[in-house]
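1. I need the structure of the sequence given here:
(chains A and B)
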Amino acid sequence: MLIDLTQMRPGETGVIKEIQGGQGLMIRVRSMGIRYGKKITKVSSHFWRGPQTIDVGNMQIALGFGMAKRILVEVER
Amino acid sequence: MDKILLIGNPNIGKSAIFSRLTGAKVIISNYPGTTVEFTQGQMKIGNERPMVIDVPGTYSLEPTSKAEEVAVNMLKEGDVVINVVDATNLERNLHLTLQLLEKDVPVIVALNMWDETKHKGINIDVKKLEEYLGVPVVPTCGLTSEGITELIARLPEAKTPKLKFSSDDQRWEMLGKIIGEVQKLSHHHHTFWERLEDLSIKPWTGLPIAAAVIYCTFWIIRLIGENLIGYVFEPLFEKLWLPLMVKLSAILGEGTFLHHIIIGNLIEGKIDFGQSFGLLTTGFFVPIAMVLPYLLSFYLILGLLEDFGYLPRLAVLMDNIMHHFGLHGYAIIPMMLCAGCKVPGILATRILEGRREKFIASVLMAIAIPCMAQTAMIVGLVGQRGGQYVGIIFLTLFILLVVKGLILNKVLKGTSPEILIEMPPYRLPQITAVFKKLWMRIFSFLREALPLVFLGILFINVLHILKIIDFLAYIFGPMLMKLWGLPKEAISALVVGFLRKDVAVGMLGPLNLTTKQLVIGSTVLAIYFPCIATFVVLIRELGIKDMVKAAILMLTVALLVGSMLNLFL
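-> Here you go, the predicted structure:
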């Protein structure tokens, strides 16, 4: 099923299907390796709509809640 | 070959390679960039002495921020680019490489962090990668200098393949192909460090860890600082320096002009390092015996935290709170630097995205975070009256930080941008690197702060002799008394506070203040205006207009807070 990154559970793995949002956001997250077709694993999400941490490839990236909301991920549930 | 640029993603060891290339003779100068500072140094290849420039890390050459814009502009000036690549993060790093290979400049790739690929189960076919990219690829390790000689030797082989991609997607497609061919991953077990990384970023375990780290940090800084003062610096001054000063005092003769400047006033016939206020007595004692021990211990601990890789994780944990102040979590990094010295702290606000955050962060730091020199003096001076009074000062400043942040966030137009940062892997700090950094920071304190301390003390002594202080005290005295309950002599501390805060706090010492007055005086000194060094950096970073706004804020807040303390304490 298709959900956004904030809805993933810690430890869950999914594949990025869509990044909604402006060109600026696209370039920023893409140049960090977050892009269509990438497999990501959610590590944690922080309280009160706090930042979300994910594993992408060999690295761990933290991104704001709003950004994470606009990244759609296909997960198996 | 005149200019060699080091370009790569952030935090992949460019600076380590930079210091390896330029060797011991590094002239680190600050390039006046608009958003970020470049470090440059000279290296030696045969008879040539090209300039090496450490360009700040960037993820992309499609400028999305000012920092990246500057990096792209820098590219036009370079004769050769050493593209530093993190071998453990090949895909994302090579994305920047492909963009560089489209430009009209020769490129050579340094495959850095090579040593880490082995235990991460990453196997890279360097020959094949070289064929695909069409430029030399040299495995390196900046920390151990492995591969640096080969990198230098192969510099002339740098090539300009001028690749063409019609879109970013095409670039990623090409990358996918390259990675598939050159990189093989074997399974590796999670190491202890990786488990700790995960634990410190999950809220339920991360927050207690953060609390423990912060508590231990304060505790250790205090432990080291106090002991250095008690067992090393004070005895040195009492046993070695004092006898010399006593002799000098006798030679100069009490009451003469020179005696007044160099030794200062005798307190009950004796030299008192805290109260005499001569150049070689208090002028030497304050920066060396009171401030330096705390600076040493603070920068040692900060260096360890920085090198370990913990700070970005703390930033993520604090992100939520910081948004209430119009900042995101990463702003804690300038703030932590600021607790050491405001100048590097304010410079570090360049890592924040926009003008709004820079302004908020700078004002908050200038007003509510005292530097270590000032903190050490407050602890030293007010601490004698009881720890709770030091507590009152820092609690006041903390409340100020919070209230100020909340208000600025409401009043200023715009919203705070979201955090987007990479978590560095945990690494055991290298002791030599930590001490090198510690020495650089201490050296810059000795070089830049010490002359100002002397100047401050000289200046105030001259003002005293010329009776200018008496004049100022006559004009402002009634106001000081009415608003803050301070005696008119406290004006001299406020005057010196424009130059150095540590000396200014020290000047409250000889005034025989009540504890309440001491608390108010120390708090007001922290708030009312930044020291000259901070002031200069603030003007450079914020511009005159915003600096004026900030200055008005500071004076208003100092008036309010001082008066409130005077009413309620």
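2. Could you measure from B:Gly142 over to chain A?
-> Relative to chain A, B:Gly142 is positioned 18 Å away (criterion: Cβ to the nearest Cβ, to the nearest Å). (Glycine included, C-beta is placed from N, CA and C.)
3. wait, what's in contact with the residue nearest to that residue when sequence neighbours are not counted?
-> Distances taken as Cβ to Cβ, 6 or more residues apart in numbering or on different chains place B:Ala16 nearest to B:Gly142, at 3.0 Å, with adjacent residues excluded. If you count contacts by Cβ atoms under 8 Å, 6 or more residues apart in numbering or on different chains, B:Ala16 has them with B:Asn112, B:Gly142, B:Leu143.
4. I'd like those laid out as TSV, including secondary structure and neighbour count.
-> Below are the contacts of B:Ala16 laid out as TSV (DSSP: H, G, I helix; E, B strand; the rest coil; neighbours: other Cβ atoms under 10 Å in any protein chain shown):
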residue	secondary structure	neighbour count
B:Asn112	strand	29
B:Gly142	coil	24
B:Leu143	coil	18
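5. Among these, which one lies nearest to B:Ile393?
-> Relative to B:Ile393, the closest of the contacts of B:Ala16 is B:Leu143; by Cβ to Cβ it sits at 41.5 Å.
6. any idea which helix or strand carries the closest residue to that closest one other than its chain neighbours?
-> Computed as Cβ to Cβ, 6+ apart, the closest residue to B:Leu143 that is not its neighbour in sequence is B:Ala16, at 5.7 Å. Secondary structure assignment for B:Ala16, by DSSP states H and E: helix B:14-22.
7. Check which residues of that helix are buried.
-> Taking 16 or more other Cβ atoms under 10 Å in any protein chain shown as the neighbour-count basis, helix B:14-22 is seen to contain the buried residues B:Lys14, B:Ser15, B:Ala16, B:Ile17, B:Phe18, B:Ser19, B:Arg20, B:Leu21, B:Thr22.
8. Look up how far chain A lies from B:Ala250.
-> To chain A, B:Ala250 is 64 Å away according to Cβ to the nearest Cβ.
9. What of B:Glu131?
-> From B:Glu131 across to chain A, the span is 23 Å (Cβ to the nearest Cβ).
10. Over to B:Phe325?
-> The span separating B:Phe325 from chain A equals 15 Å under the rule Cβ to the nearest Cβ.
11. For that residue, give me the pLDDT.
-> On pLDDT, B:Phe325 comes in at 91.
12. for it, phi and psi?
-> The phi and psi torsions at B:Phe325 (degrees, to the nearest 10) take the values phi -100, psi 10.
13. List the contacts of it.
-> Residues in contact with B:Phe325 (Cβ under 8 Å, 6+ apart) are B:Ala331, B:Ile360, B:Leu364, B:Val402, B:Gly405, B:Leu406, B:Leu408, B:Asn409.
14. all helices for chain A, in order.
-> If you assign secondary structure with DSSP state H, the helices in chain A sit at A:23-31, A:65-69.
15. Could you say which of those helices is packed most deeply?
-> Between those, helix A:65-69 has the highest mean count of neighbours, a mean of 20, where neighbours are mean count of other Cβ atoms under 10 Å in any protein chain shown.
16. Could you list the residues of chain A in contact with chain B?
-> Listed as neighbours of chain B in chain A under the rule Cβ under 8 Å from any Cβ of the partner chain: A:10, A:24, A:27-33, A:35, A:43-51, A:53, A:57-67.
17. What distance do you get for whichever residue of chain A sits closest to chain B to B:Ile179?
-> Distance from chain B to each residue of chain A (Cβ to the nearest Cβ) is smallest for A:Gly64, at 2.6 Å. Counting by Cβ to Cβ, to the nearest Å, the gap from A:Gly64 to B:Ile179 is 28 Å.
18. Take the buried residues of helix B:14-22 and lay them out in TSV including pLDDT.
-> Converted to TSV, the buried residues of helix B:14-22 look like this (pLDDT from 0 to 100):
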residue	pLDDT
B:Lys14	82
B:Ser15	80
B:Ala16	82
B:Ile17	87
B:Phe18	86
B:Ser19	82
B:Arg20	85
B:Leu21	86
B:Thr22	82
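19. tell me the mean pLDDT for stretch B:436-447?
-> So the average pLDDT for stretch B:436-447 ends up being 87.
20. Which positions within it qualify as buried?
-> Along stretch B:436-447, these residues count as buried under the neighbour rule (16+ other Cβ under 10 Å): B:Lys437, B:Leu438, B:Arg441, B:Phe445.
21. ok, now stretch B:462-478?
-> Taking 16+ other Cβ under 10 Å as the basis for neighbour counts, the residues of stretch B:462-478 that come out buried are B:Leu463, B:Ile469, B:Asp470, B:Leu472, B:Ala473, B:Phe476, B:Gly477.
22. Would you state the strands of the chain in chain order?
-> I went with chain A, as the question did not name one. Secondary structure of chain A, counting by DSSP state E: strands at A:2-4, A:13-19, A:39-45, A:52-56, A:59-63, A:71-75.
23. my question was about chain B
-> Taking DSSP E as the criterion, chain B carries its strands at B:3-8, B:29-31, B:38-42, B:51-54, B:80-86, B:107-112, B:122-124, B:137-139, B:183-185, B:420-423.
24. Nothing else from me, thank you.
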